[in-house]
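# here is the input, now give the coordinates:
(one chain, ligands or ions: 1)
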Amino acid sequence: MNNNCQNLSQNLNIKPNIQNDGLTDIHEGQSLHFWHEISTSQPQNLCIHQMFEHQVKRSPDAIAVKLENQYLTYRQLNQKANQLAHHLRKLGVGPEVLVSICVERSLEMVVGLLGILKAGGAYVPLDPNYPSERLAFILADTKTPFILTQGKLVSQLPPHQAKVICLDSEWEKIAANSQENPVCTTTIDNLIYTIYTSGSTGKPKGVMIPHQGILNQLLWRQETFKLNANDKVLQTISFSFDPSVWQIFWPLCCGAQLILARPGGHQDPSYLVQVIAKQKITVIALVPSLLRVLLEEPSIKNCRCLRHIFCGGEPLPIELIEYFFERLNLNHVLHNCYGPTEASIDATFWTCQRQIKYTTAPIGRPITNTQIYILNENLQHVSTGEIGELHIGGISLARGYLNRPDLTQQKFIPNPFNHKNSSRLYKTGDLVRYLPDGNIEFIGRVDQQVKIRGFRIELGEIETVLNQHSGVSQSVVIAKKDKIGNNQLLAYVVPHQQQIPNSIQIRRFVQGKLPEYMVPSRFIFLDQLPLNPNGKIDRQALHDTNLSTPELETKFVAPQNEIERQITQIWEEILGIQPIGIKDNFFDLGGNSLLAVKMFWQIENRLGTNLPLATLLQSGTIEALSAIISKKYYPKNRSLVAIQPHGSRPPFFCVHGMGGEVLCFRDLALRLGDDQPFYGLQPKGLDAIETPYTRIEDMASHYLQEIRTIQPQGPYFLGGFSFGGLVVLEMAQQLHQQGEEVEKLVIFDTCLPGCSQRSPFWKRIILHLDNAIQQGPNYLLHKTTSWGLLVKTYFQDRYKRYLPITKDLPETERYLKIVDANYQAKNDYKFQTYPGRITLFRTEDKHRYDVVGMEYDPQFGWGNLAMGGVDVHYVPGSHFSLFEEPHVQIMAEKLRSVLG
Ligand code: AMP
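Reported below is the predicted structural model:
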C-alpha cells in the first residue's frame, strides 16, 4: 500500500478483510448464515467529501481527474468544488437538500458532485440522454430546488420549478466564492444521493442512500484491492447508475487518478480498448455483455495494464470467464460483483478463477459489514443447496424509496434475527443458494425484474407505458435470450381494433417516455394474449414460443414454389429461426444489414441472382424477393433508394461508401424518426448489369437528377459516407454552380487525401518498441507477418487490397467492379475549394491507426477546402460500425440537431 492509502486506513481504523478467494471450504454442519458475515469495527464517521479532503492534503499536486487533454490536480479540484459548495450554501443547500445535476461526463460533473456534497446536499443524477418525460418525473418527485447543468443542456431540460446553475457559463460568478473547505455540516447518516431505478408500477423509484453505505463500500474496496497513487480508474458508467459512485469517489479518496471516458465513449469497445492501453488504466467496471465485446477486440492484448476488472449487474457466464483467461491470461483480476442499488452498490463478490467446477459464476461472499440471509417464504434460513430469496442486512442499506413509504415498508422489513448492526433487511427478490464451499450462487428472480446489458428493468414499467398508447389495448413484455445469450426485450401487443398502430409508431411513443435500454427490440402484434387455465396471462407460453413466432406476427404462409422454398431455407439458416413464413418481414425477424449481406450472398450463390441489398427495403419478404428473382416483378433500378420516405421535414439524401450499398443507413434513418425522410444513393452496377460510373462528376450529376425527382429545388440537405463524402462534395459544388442552395453538407468519416502524415521515423521506432514491450514478442511476430501478408496481397489479389474498405461485403465480381470504379474515380478527382460550410462526423477509428505513428488532421483535411468552415462532431464506433447499434443512437441524436 502506498503511504497515502496506508494513512487513510490507519486514520479510519479498519481491520483486514478475509481473503475472498472462493477456496475456503465450509465444514459440514457449520451454519452458513453465521459464517456469512465479515465485520470491521465501525470506521470513523467521515463523509465522502471529507475523505476526499484528507486526500487533498496528502497529494495536493497529483492529478485527480482527467478527460482527454484536460485535467485537475487534487488541489484544483478541491478549490473548484469548494467555490461551488460556498455558492450553493448561500443559496440554501444543506443536509438533506436534494440537488439535481444534469451534465455530460466531464470535469464539471466531478466538480458538481463534490460541490453538492461539500455544501451538505445530496445529488440526484439526471442523465441528459433520458427522455424529457422521465427527467420531468424525477424533478417533480424530488422537488429539487436546484439543477446544476451545462449551458448546452439547458434547452433540453423539461419544464421545472428549480433554479438552474450552469457550471460552465456561470463559473465566473461561482468562482467569486472562497476556495477553502466549507465547515462540514453533514454526518454519515445524511443522504449522499438519490438514484432512480425502474419501478414495477410504471414509474421509476428514487433510492435514498446515506454517506455511511458508500463509506463502507469504499473502505471495503480499499482494504481488499488497495488502490495506490499509480492506479488509474476509468469512469465509464453513467452517473445515474450506482457503480459510477465507486468509480468516481474511490480513486479520489485514495490518491489514484480518475480518468473519464469521453461522453458516449463507454459504448464504443474500440475506444475503450484504446483508452485503456493509452492511459494505462488499471481498474475498470463492465457488464458481462460489454466484457465479451471488449475481449473480441484485437487490441485487447494491449490491455495487460489492468489490475482489477469488476464485472457485475447480471450473471457472469463461466464460458466468458474462460474466454477472459484465454484472451488476457491475467490471474486474480476479474471479480464478479453483486449488489442492488438499495444496498449501496456491491454486497457480495467473487474473484474469478480458471477451470472451476461451477456451472455459473458464484456471486461469492459478503463484503464487510454486510449480512446475507437466504430465506424461504416464512423468513426461515434454507439449508445448503436449497433455493431461497436473498436478504441483505448491514450498514449499507438505503434509507428507503423517496415518497414511497408503502414500497419502503414492503421491501425493507424488520430483521427477524436480532442483529446488532442491522435492524432491517432488504428483500432483493433474487433467488440464490449456498454452494457447499460457502459461496452463493445466483439462480434468478422471484418477480418480473430483468437485466438487459446490466440495466435493471421492471417489465411492468414498460407495459404501463405501452398501455398508455391510444392504439394499444393490452401488452406483455418479456426478456428472452438471443442466439448469443444476451437478453432482449420483446413486446407483445394487442391493438385496439379501431385504431391499429404500426410498430414504428409504438417504438417512437415508447422512446419518448423511457430510456433507450428499456425500449423493446421487437413489437409483436397479437389478436389476444395467451391465458393459462386460471385466466391469467400466460407469460411462459410467450417464452416457450420460438423467438421467431412468425405465426403470431403475420399469418404463417408456407413456401409455395421452389424459389420460395430455397429463400426460406436461406433465411432460416441465417436468422436461426424456424419456421419462417413467406409473408414475414426480414427486419421484423431480427435481420440487419450484416445478415442481409450474408443472405444475398447465399441467394447469389444458390439462385444466381444479383440484387442490391436495398432491395430488402421495398421487398422485405420471401414472397416479394421470389417475385423479383423469378422475374414476375421488375423493380426499377434506380440509384435513389427510399429508406424512410415519410415525414414533413426536408429530405436528407445520403451517398454510399466505397462498396456501394446503402442498407447500412437504415438504422440511422429509423432513428431519425418518422418525420425525417431519408433517401440513400447507390451506384449503377449493383445489379451486375449496368456499368458503374468511373468519374465522381458523372456520379454527382446522375444522383442530382434522381434527387430532383423528389425535391426539384433547394435548399438541399446532403450527406455522404466515406467515399460518398467526395461524391456529395461534388454534388454540392454542382448545385452551387447552378445557383441552388445547399443547406447542409454532411460528411461521415471521410478523410481527404493528405490529411494524415506519418510521424518521424524515430517516433515510429519508439512506438513500435513501446508496443513490443507492452505486448511482448507476439507484437513483433504479428507485425512482421502482417507486413509480409500485405506485400503478398497487394500483388496477388486486387480485391483483398480493398478489404478494409469494403469489410463485410462478399468477394464477388460485381462488388469488385464497383470498388474498382470508385477507386479510379477517387484517384482522378480534382479537388476545388467549396464555398459553403461542411459538417464533419468523425470517429476515432483505431483502424486508421493500424499503421503505427499515423497522425491525422482533426478536421480530416476539410478545413483547407471549405471556405465557410467545418463543424466537427465526434461519434462513437469505428469507420465500419458508426451506423450500427449502439453507436448509431448518438449519431442520430447529433444529426437530428444538425438538420435542425
Ligand atoms: P441494480 O440495482 O441495477 O444494481 O441491480 C441489482 C440486481 O441486478 C440484483 O438484484 C440482481 O438481480 C442483478 N445482479 C447484479 N449483479 C449481479 C451478478 N453479479 N450476478 C447476477 N445478477 C446480478
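# surely Gln212 is in a strand?
No: under DSSP: H, G, I helix; E, B strand; the rest coil, Gln212 sits outside any strand and is assigned helix.
# make residue 1 into 38 and carry on from there
Happy to do that; since the first residue is 38 now, the last one works out to Gln249.
# okay but it is in contact with Asp226, surely?
Yes: if you go by C-beta atoms under 8 Å, Gln249 and Asp226 touch, sitting 6.4 Å apart. Glycine gets a C-beta too; all of them are placed from N, C-alpha and C.
# more crowded one of the two?
Gln249 (23 against 13; other C-beta atoms under 10 Å).
# ok, now which ones touch Leu104?
Taking C-beta atoms under 8 Å, 6 or more residues apart in numbering, we find Leu104 in contact with Arg142, Ser143, Leu144, Ile296, Leu297, Arg299.
# run the last query once more with 7 Å
Ser143, Leu144, Leu297, Arg299 (C-beta atoms under 7 Å, 6 or more residues apart in numbering).
# give me the pLDDT value at it.
Model confidence at Leu104, given as pLDDT, is 96.
# ok, the one 10 residues further on next?
Among the per-residue scores, Leu114 holds a pLDDT of 98.
# for the helix or strand harbouring Tyr360, the distance to its chain's centre please.
For Tyr360, the host element (DSSP states H and E) is helix 355-365. Relative to its chain's centre, helix 355-365 lies at 22 Å (C-alpha atoms, centre = their mean, to the nearest Å).
# also stretch 546-566?
The chain centroid and the centroid of stretch 546-566 are separated by 19 Å under C-alpha atoms, centre = their mean.
# Ile355: neighbouring residues, count only.
Counted with other C-beta under 10 Å, Ile355 comes out at 16.
# and it, what does it touch?
Tyr395, Thr396, Thr397, Ala398.
# distance of it from the ligand?
Here the criterion is C-beta to the nearest ligand atom, to the nearest Å. By it, Ile355 lies 12 Å from the ligand.
# please apply the same query to Phe262.
Computed as C-beta to the nearest ligand atom, the Phe262 to the ligand distance reads 17 Å.
# which pLDDT does the model give that residue?
In this model, Phe262 carries a pLDDT of 96.
# same thing with Pro570?
81.
# can you pull the contacts of Arg490?
Residues in contact with Arg490 (C-beta under 7 Å, 6+ apart) are Val324, Ser326, Tyr554.
# now the residues you listed as TSV including distance to the ligand?
Listed next are the contacts of Arg490 as TSV, based on distance: C-beta to the nearest ligand atom, whole Å:
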residue	distance to the ligand
Val324	9
Ser326	12
Tyr554	11
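# mind checking which of those are buried?
Val324, Ser326 (16 or more other C-beta atoms under 10 Å).
# return the subset of the contacts of Arg490 lying in strands.
Nothing among the contacts of Arg490 maps onto strands, per DSSP state E.
# let me have the contacts of Arg490 in CSV, extended by pLDDT.
Output for the contacts of Arg490, formatted as CSV (pLDDT from 0 to 100):
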residue, pLDDT
Val324, 92
Ser326, 84
Tyr554, 89
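# and this structure, which of its residues are near the ligand?
234, 349-353, 373-375, 377-378, 400, 465, 467, 479, 488, 493 (C-beta under 6 Å from any ligand atom).
# do that again at 5 Å, thanks
Proximity of the chain to the ligand (C-beta under 5 Å from any ligand atom) is limited to residues Gly349, Gly350, Pro352, Tyr375, Pro377, Thr378, Thr465, Asp467, Phe479, Arg493.
# break this protein down into its structural domains.
The chain breaks down into these structural domains: 486-590, 593-672, 673-790+845-937, 796-833 (assignment by automatic domain parsing).
# distance to Thr407 for these - can I get that in a markdown table?
Converted to a markdown table, those look like this (distance: least, C-beta to C-beta, whole Å):
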| stretch | distance to Thr407 |
| --- | --- |
| domain 486-590 | 19 |
| domain 593-672 | 41 |
| domain 673-790+845-937 | 34 |
| domain 796-833 | 38 |
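# closest to Gly422 out of the ones you listed?
domain 486-590 (24.3 Å; C-beta to C-beta).
# contacts only, for the residue in the stretch 838-937 of the chain positioned nearest to the ligand.
Residue of the stretch 838-937 of the chain nearest the ligand, by C-beta to the nearest ligand atom: Pro923 (18.4 Å). Counting by C-beta under 7 Å, 6+ apart, Pro923 makes contact with Gln304.
# can we see that at 8 Å?
Taking C-beta under 8 Å, 6+ apart, we find Pro923 in contact with Gln304, Glu553, Pro913.
# ranking by neighbours, what's the top pick from the contacts of Ile355?
Most crowded among those, counting by other C-beta under 10 Å, is Ala398 at 25 neighbours.
# for Leu163, which of the domains of the chain is the nearest?
Of all these, domain 486-590 comes closest under C-beta to C-beta, at 11.6 Å.
# residues near Thr421, how many?
For Thr421, using other C-beta under 10 Å, the count is 15.
# same question for Gln775.
9.
# before we move on, what about Lys189?
Look at Lys189: counted by other C-beta under 10 Å, it has 12 neighbours.
# so how far is Gly149 from it?
15 Å (C-beta to C-beta, to the nearest Å).
# may I ask which of the contacts of Leu104 has the most neighbours?
For the contacts of Leu104, the largest neighbour count, defined by other C-beta under 10 Å, is 26 neighbours, found at Leu297.
# and that one, how far from Asp205?
16 Å.
# before we move on, what about His124?
14 Å.
# so for these two, which residue has more residues nearby?
Neighbour totals were compared for His124 and Asp205, and His124 leads with 20 against 15 (other C-beta under 10 Å).
# just the pLDDT for the spatially closest residue to Pro538 that is not a sequence neighbour.
Nearest non-adjacent residue to Pro538, counting by C-beta to C-beta, 6 or more residues apart in numbering: Gly508, 3.5 Å away. With respect to pLDDT, Gly508 scores 89.
# wait, doesn't Gly508 sit right on Pro532?
Yes: the criterion here is C-beta under 8 Å, and Gly508 meets it with Pro532 at 5.4 Å.
# more crowded one of these two?
Pro532 (19 against 16).
# and the more buried one, what does it touch?
Gly508, Val509, Ser510, Pro538, Phe562.
# buried ones among these?
Counted by 16+ other C-beta under 10 Å, the contacts of Pro532 give Gly508, Val509, Pro538, Phe562 as buried.
# what's the closest of those residues to the ligand?
Val509 (27.3 Å).
# for the closest one, list each beta-bridge partner.
Beta-bridge pairing of Val509 under DSSP bridges involves Pro532.
# how close does Arg470 sit to Ile477?
Taking C-beta to C-beta, one finds Arg470 at 7 Å from Ile477.
# which of those two has more residues huddled nearby?
Ranked by neighbour count (other C-beta under 10 Å), Arg470 and Ile477 place Ile477 first, with 23 against 17.
# residues in a beta bridge with the more buried one, which ones?
Beta-bridge partners, per DSSP bridges, of Ile477: Gly401, Tyr471.
# so who does it touch?
Here Ile477 is in contact with 73, 375, 385, 399-402, 409, 411, 427, 469-471 (C-beta under 8 Å, 6+ apart).
# circling back to that earlier point, which residues do Gly508 and Pro532 both contact?
With C-beta under 8 Å, 6+ apart, Gly508 and Pro532 have common neighbours Pro538.
# closest point of the stretch 138-287 of the chain to the ligand, which residue?
At 5.5 Å from the ligand, Thr234 is the closest residue in the stretch 138-287 of the chain, using C-beta to the nearest ligand atom.
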